[in-house]
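[1] coords please:
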Amino acid sequence: MIEERETQKAPPQPRRPRLRIIFAVLAILLVAASATMIPRFVRASNPKKPSRNLTTPFTKPSTSPSANSSPHPSSPPVVDTTGWIARGAVQDGFFLRMPASWKGGWFEGTWDFEPKGLPSLAEDGNTFAVDLTVVSGEYDRIAPKSAKPFISDAASAALVWMAKPRLETFAIAWDGCPGFVGDCGGGAASRTLLVHISASTQALWHKHITIGRAIVGTIETYNGDNPIHGRAPQYEGGADFPDDPVDTALVRFLDARAEGIGADEQYCCDATALYSKDGLYYRNGAPLISWEFWRVAGIIGADYGRFRVVVHYKGGASRTEMISIGFQKGEAWPQYVPSVLAACSSCS
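    Residues are numbered from 1 along each chain as shown. Got it, this is the predicted structure:
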């Protein structure tokens, strides 16, 4: 009996399909992976563009800098901009807002802004700065392949990348015609607003990077239909500020005077006598800081306008000017923009 059992073949056992085993193993791995990966996907999906002038308190940056720079964002951080001041780059067609504790201006083709107490980029010493320049070329050709999309109120397309540690660069597609003309012509070159956020040390980077990125988030286009340093009481209460060539030319001229740069090329003819003698930007050493104007001749949309303008200087002094805006001989919109044709301070 024992020998018979040893020689007797066992009945064949049904084999489990290999495919079923593979599927079972894959199912176990998928469940384990989803427990860790799904929360990450949920946090990273659907970034929302923050609205402007948010009052949500920002998170204070860490005071203990790490060895690595902060990763570049896909949109501006949420920062309380209450009390921030506006600065306008009239000749380059943009404005931005920054804390009142910051300073800066234009130097050799570049605008740079930094916290008060720190040197500018043109000066010696460690600093943190946001600098801006309009350059020729397509934004996506200037940026490297590693650049990431960035949400900007100023343009429909922008990219951001870290050129090196503590140097974050933004390339913003800069539409519109140079010189504020309405017709660029067939051969108009593409332009890019190139913005850098830089820091000399890791400590300065961690201290100011959140505010620096928030400043980049406030950048907007400018053509004179959004006054920065003044107001026109006649137009207050209306749906929009007039965007006709004459009104916007006057606003650009006055805002440039308040910025201290860019007004020289906007006047000609009979206005030269006043501004070459009394100056554009200062009076008795005090800078022009704000203005108001009222239209006294010409209608909105006409090729000519005459305005009563009151300019205010630091320290409280003011002056009333009568300014005429129009096109020079042989010029017309949209190939040209109006100029300040005449100005006087002791006339009516």
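
[2] CA atoms for contacts and neighbours, from now on please.
    Fine.

[3] gap between the residue nearest the centre of the chain and residue 76?
    Ranked by distance to the mean C-alpha position of the chain (C-alpha atoms, centre = their mean), the top residue is residue 219 at 2.2 Å. Shown here: residue 219 relative to residue 76, a distance of 11 Å by C-alpha to C-alpha, to the nearest Å.

[4] which other residues reach stretch 222-241?
    86-88, 90, 93-95, 180, 242-243, 247-252, 254-255, 258, 289-295 (C-alpha atoms under 8 Å, 6 or more residues apart in numbering).

[5] what subset of these is buried?
    Neighbour-count burial (16 or more other C-alpha atoms under 10 Å) is assigned, among these, to 87-88, 90, 93-95, 180, 242, 247-252, 254-255, 258, 289-295.

[6] keep only those of those residues that are in helices.
    247-252, 254-255, 258 (DSSP state H).

[7] any common contacting residues for residue 219 and residue 76?
    Shared contacts of residue 219 and residue 76, counting by C-alpha under 8 Å, 6+ apart, come down to residue 152.

[8] can you give me the helices for the stretch 1-150 of the chain?
    2-7, 18-44, 139-142 (DSSP state H, counting those that start in this stretch).

[9] off-centre distance for the lengthiest strand in the chain?
    Counting residues, the longest strand found in the chain (DSSP state E) is strand 286-297. Distance, stretch centre to chain centre, for strand 286-297: 26 Å (C-alpha atoms, centre = their mean, to the nearest Å).

[10] also stretch 272-284?
    Put simply, stretch 272-284 sits 31 Å off its chain's centre (C-alpha atoms, centre = their mean).

[11] what does that stretch rub up against?
    Outside of stretch 272-284, the residues within contact range by C-alpha under 8 Å, 6+ apart are 257-258, 260, 263-264, 287-288, 313, 342-345.

[12] quick one: end-to-end length of it, please.
    End-to-end distance of stretch 272-284: 19 Å, with C-alpha to C-alpha as the criterion.

[13] quick one: end-to-end distance for stretch 105-122.
    Counting by C-alpha to C-alpha, you get 11 Å between the two ends of stretch 105-122.

[14] ok, stretch 173-180 next?
    End residues of stretch 173-180 are separated by 16 Å (C-alpha to C-alpha).

[15] quick one: buried residues of stretch 320-339?
    With burial defined by 16+ other C-alpha under 10 Å, the residues of stretch 320-339 counted as buried are 320-327, 336-339.

[16] what do you get for stretch 146-154?
    Buried residues in stretch 146-154, counted by 16+ other C-alpha under 10 Å: 147-154.

[17] which residues touch it?
    With contact meaning C-alpha under 8 Å, 6+ apart, stretch 146-154 is reached by 49, 73-76, 157-162, 172, 217-221.

[18] how is the protein partitioned into domains?
    What automatic domain parsing lists as the domains of the chain is 85-221, 230-344.

[19] adding mean pLDDT, write these out as a markdown table.
    Supplementary listing: these in a markdown table, determined by pLDDT from 0 to 100:
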| stretch | mean pLDDT |
| --- | --- |
| domain 85-221 | 92 |
| domain 230-344 | 93 |
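
[20] show me the strands in the stretch 51-200 of the chain, by range?
    Along the stretch 51-200 of the chain, the segments classed as strands by DSSP state E, counting those that start in this stretch run 85-89, 94-98, 102-107, 110-115, 128-136, 148-149, 158-164, 167-173, 191-199.

[21] neighbours of residue 82, just the number please.
    Per other C-alpha atoms under 10 Å, the neighbour tally for residue 82 reads 12.

[22] and for residue 84?
    Residue 84 has 16 neighbours, counted by other C-alpha under 10 Å.

[23] measure it to residue 102 for me?
    Applying C-alpha to C-alpha, the value for residue 84 to residue 102 is 9 Å.
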